[in-house]
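Enquirer: after the sequence you'll find the predicted model.
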Amino acid sequence: MKIYNTMTRKKEEFIPIEQGKVKMYVCGPTVYNYFHIGNARTFLFFDVVRRYFEFRGFEVIYVKNITDIDDRLIEQSIKENIPVSEIAKKYTEAYYEDIQALEIQKPTHQSKATEYIDEMIALIQDLENKGFAYEKNGDVYFSVEKFKDYGKLSGKKMEDLKAGARVEENLNKRNPADFTLWKKAKPDEPNWKSPWGKGRPGWHTECVVMSKKLLGETFDIHAGAVDLIFPHHENEIAQAEAISNKPLAHFWMHGGFLNISGEKMSKSLDNFFLTRDVLKKYDTEAIRFFFLSKHYRSPIDFNEDILKESVQALKNFYSVLKDVKYLPSMNENPEYTDAQIKLKKQFNEAMDDDFNTAKAIAVLFEIAKVLRSTNDLKYAHLLNELGKVLGFFSNLEEKLKSSLDDVSEELILLLIRYRSQFKKDKNWKMADAIREDLKKIGIQLKDTPEGTVWEIIK
RNA sequence: GGCGACAUCGCCAAGUGGUAAGGCAAGGGUCUGCAAAAUCCUUAUCCCCGGUUCGAAUCCGGGUGUCGCCUCCA
């Protein structure tokens, strides 16, 4: 299995630290608002990474944090005029709701920043004692000059950083590139007691503390979206490695951005889409298909027309599964034929190559095609098995069934029987009228050699 | 200003040296009373210029264009 490592800018063979185990950490949301569709892309993709590792027999320890104390929560609290803790609670709950709606599996550890304040203070003290951090007027900063590898992930040089740094209002910093470890609380702001007075931890520290506690000093994969490379991940490396002298993570994975009409999504451009709003209009699977049909490191343009295409494309899978009358409960562990094993291998090869989900989806279409022509239900099972790795086909049994109550179904069958008589009498006018009227209320009739069947259309 | 990414059919998108996957859309045929569904067929030489090579979408150089990071950001 090969994974692109941002640290080396190359695809590298993935070798877990501990055989059969993958320890991964993904930077989660800051709960100051509902999360947007760009966040959804990242969360969704790493959910697939996790599923794939498990599919390949790894035990995955997956940590995802929730940042529930941050400047942005404080700002939002003023805006909504409710306490910071309420903001955190409200948007954490919303986050869980949206994640569930996206059919993203729960990580093995979902840790919150505020539960690790003591550990963060201890870490900052340690950094101070070792000369990597300094206190000024109640704030504590990390001195980037003291950490010689600073910039190794983002490829930035200290000189460039200095030159590029904007005029800093913060005169407490010795070097403009120094970053905040501990921030002094203003009156009325949430705060915790510390050796430097009342304040709160900086964002970059929480991930270091949580990953160390839950995964150890060095783990396999640290991930997030590209914008986290600098400064967030760079700063994590600085803190963690300054103390441990060991690499924080073996692999650094970063997902590409989601753009709107070619531009980055931002509030100032008013091109902001919340995940929950998109979910109101589009099925979660269509959203998933839309994301996974492109490689995770490429930027992707969010576009409703393409989302609609995704809906169409997915119908392919469902219609063939319906047509062959597949039931997920049948054939728990079928013996695959050579041809089926070959397709499965193709799927694995695609995923092994830095999670090439676009190629993997193409294999799914190939399976659907063969399923259609052979009617061999083992292909249906294979489609289901591999589709699930990408997070598709949850509640498949449910979706393959009609979603009508018994009476409605009886009524439709009754109409079909009348229509059959009209057809027999060559009363096309009446037969067509029934079909047209049913279509208007969302029921599509199809005359097949085996008789008339119906399905619900949207 | 510094650093980086990308440019493949109408649209989306794989493909990193051996002669262009797949999906959506479109057109045509088969099937059908007509539809729908299904099925078959059709549709690109890869932004431009130059170079390396027996051979390049794939490597190198130069353009052009788009985007990102350098400040909070998934």
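Expert: All right, it came through fine.
Enquirer: quick one, helices of the stretch 351-458 of chain A?
Expert: Assignment of helices within the stretch 351-458 of chain A using DSSP state H, counting those that start in this stretch yields the ranges A:357-374, A:377-389, A:396-400, A:406-424, A:428-440.
Enquirer: adding mean neighbour count, distance to residue A:29 and mean pLDDT, write the ones you listed out as CSV.
Expert: To be clear about C-beta, it is placed using only N, CA and C from the backbone, and glycine gets the same treatment. Shown next, in CSV, are those (neighbours: other CB atoms under 10 Å; distance: least, CB to CB, whole Å; pLDDT from 0 to 100):
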stretch, mean neighbour count, distance to residue A:29, mean pLDDT
helix A:357-374, 18, 22, 95
helix A:377-389, 21, 25, 95
helix A:396-400, 14, 29, 83
helix A:406-424, 13, 41, 88
helix A:428-440, 13, 43, 90
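Enquirer: for these, which one sits closest to residue A:198?
Expert: Closest approach to residue A:198 among the helices of the stretch 351-458 of chain A is made by helix A:357-374 (47.0 Å; CB to CB).
Enquirer: show me the contact partners of that closest one.
Expert: If you take CB atoms under 8 Å, 6 or more residues apart in numbering as the criterion, helix A:357-374 is touched by A:45, A:48, A:289, A:292-296, A:316-317, A:320-321, A:323-324, A:339, A:343, A:346-347, A:350-351, A:353, A:376, A:379-380, A:382-383, A:386-387, A:390.
Enquirer: give the buried residues for stretch A:95-106.
Expert: With burial defined by 16 or more other CB atoms under 10 Å, the residues of stretch A:95-106 counted as buried are A:95, A:98, A:99, A:102, A:103, A:104, A:105.
Enquirer: any chance of the residues you listed in CSV, plus secondary structure?
Expert: Supplementary listing: the buried residues of stretch A:95-106 in CSV, determined by DSSP: H, G, I helix; E, B strand; the rest coil:
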residue, secondary structure
A:95, helix
A:98, helix
A:99, helix
A:102, coil
A:103, coil
A:104, coil
A:105, coil
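Enquirer: give the contact list for the closest residue to residue A:230 other than its chain neighbours.
Expert: For residue A:230, the nearest residue in space outside its immediate sequence neighbours is residue A:154; the separation is 3.8 Å by CB to CB, 6 or more residues apart in numbering. Counting by CB under 8 Å, 6+ apart, residue A:154 touches A:229, A:230, A:231, A:233, A:234.
Enquirer: next SSE after the helix or strand of chain A at the bottom of the mean pLDDT ranking?
Expert: The helix or strand of chain A with the poorest confidence is helix A:158-164; it has a mean of 62 (mean pLDDT, DSSP states H and E). For helix A:158-164, the following helix or strand on the C-terminal side (DSSP states H and E) is strand A:179-184.
Enquirer: that next one - what's its average pLDDT?
Expert: Confidence over strand A:179-184 (mean pLDDT, whole number) is 94.
Enquirer: what is that strand packed up against?
Expert: Contacts of strand A:179-184 with other secondary structure elements, assessed using 3 or more CB pairs under 8 Å, 6 or more residues apart in numbering; DSSP states H and E, are made with helix A:117-129, strand A:139-142, strand A:199-201, helix A:203-215.
Enquirer: now the angle from that strand to helix A:117-129?
Expert: Relative orientation of strand A:179-184 with respect to helix A:117-129: 120 degrees, computed using axes from the mean of the first three to the mean of the last three CA atoms, to 10 degrees.
Enquirer: partner strands of strand A:179-184, parallel or antiparallel?
Expert: Take DSSP bridges as the rule and strand A:179-184 pairs in its sheet with strand A:139-142 (antiparallel), strand A:199-201 (antiparallel).
Enquirer: which parts of the longest one are buried?
Expert: By neighbour count, with 16+ other CB under 10 Å as the criterion, the buried positions of strand A:139-142 are A:139, A:140, A:141, A:142.
Enquirer: measure the last one to residue A:234 for me?
Expert: So the one you mean is residue A:142. With distances taken as CB to CB, to the nearest Å, residue A:142 is found 11 Å from residue A:234.
Enquirer: got the helices of the stretch 351-458 of chain A as a markdown table, with distance to RNA strand B columns?
Expert: Written out in a markdown table, the entries for the helices of the stretch 351-458 of chain A read as follows (distance: least, CB to the nearest atom of the strand, whole Å):
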| stretch | distance to RNA strand B |
| --- | --- |
| helix A:357-374 | 3 |
| helix A:377-389 | 12 |
| helix A:396-400 | 15 |
| helix A:406-424 | 5 |
| helix A:428-440 | 3 |
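Enquirer: show the pLDDT at residue A:451.
Expert: According to the model, residue A:451 scores 83 on pLDDT.
Enquirer: okay, now it: neighbour count?
Expert: 9 (other CB atoms under 10 Å).
Enquirer: same question for residue A:456.
Expert: Residue A:456 is surrounded by 12 other residues when neighbours are defined as other CB under 10 Å.
Enquirer: on the pLDDT front, check the nearest residue to it once chain neighbours are set aside for me.
Expert: What sits nearest to residue A:456 in space, not counting adjacent residues and going by CB to CB, 6+ apart, is residue A:442, at 5.9 Å. You'll see residue A:442 listed with a pLDDT of 82.
Enquirer: mind checking how far stretch A:173-183 is from the chain centre?
Expert: 31 Å (CA atoms, centre = their mean, to the nearest Å).
Enquirer: and that stretch, how far apart are its ends?
Expert: 12 Å (CA to CA, to the nearest Å).
Enquirer: stretch A:124-143 too?
Expert: Stretch A:124-143 stretches 12 Å from its first residue to its last (CA to CA).
Enquirer: which residues touch it?
Expert: For stretch A:124-143, contacts defined as CB under 8 Å, 6+ apart pick out A:146-147, A:172-175, A:178-184, A:194-197, A:199, A:201, A:204-205, A:235, A:238-239, A:242-243.
Enquirer: ok, back up a step: from the buried residues of stretch A:95-106, which is closest to RNA strand B?
Expert: Taking CB to the nearest atom of the strand as the measure, RNA strand B sits nearest to residue A:95 out of the buried residues of stretch A:95-106, at 10.8 Å.
Enquirer: what distance do you get for the residue nearest to residue A:456 to residue A:457?
Expert: 6 Å.
Enquirer: try residue A:298
Expert: 33 Å.
Enquirer: still on that earlier bit, filtering the contacts of residue A:154 by proximity to RNA strand B, which remain?
Expert: Contacts with RNA strand B within the contacts of residue A:154, counted by CB under 7 Å from any atom of the strand: A:229, A:230, A:231.
Enquirer: ok, the second one - contacts?
Expert: Yep, that's residue A:230 we're talking about. Contacts of residue A:230 were listed using CB under 8 Å, 6+ apart, and they are A:153, A:154, A:156.
Enquirer: burial count for residue A:248?
Expert: A count of nearby residues for residue A:248, using other CB under 10 Å, gives 25.
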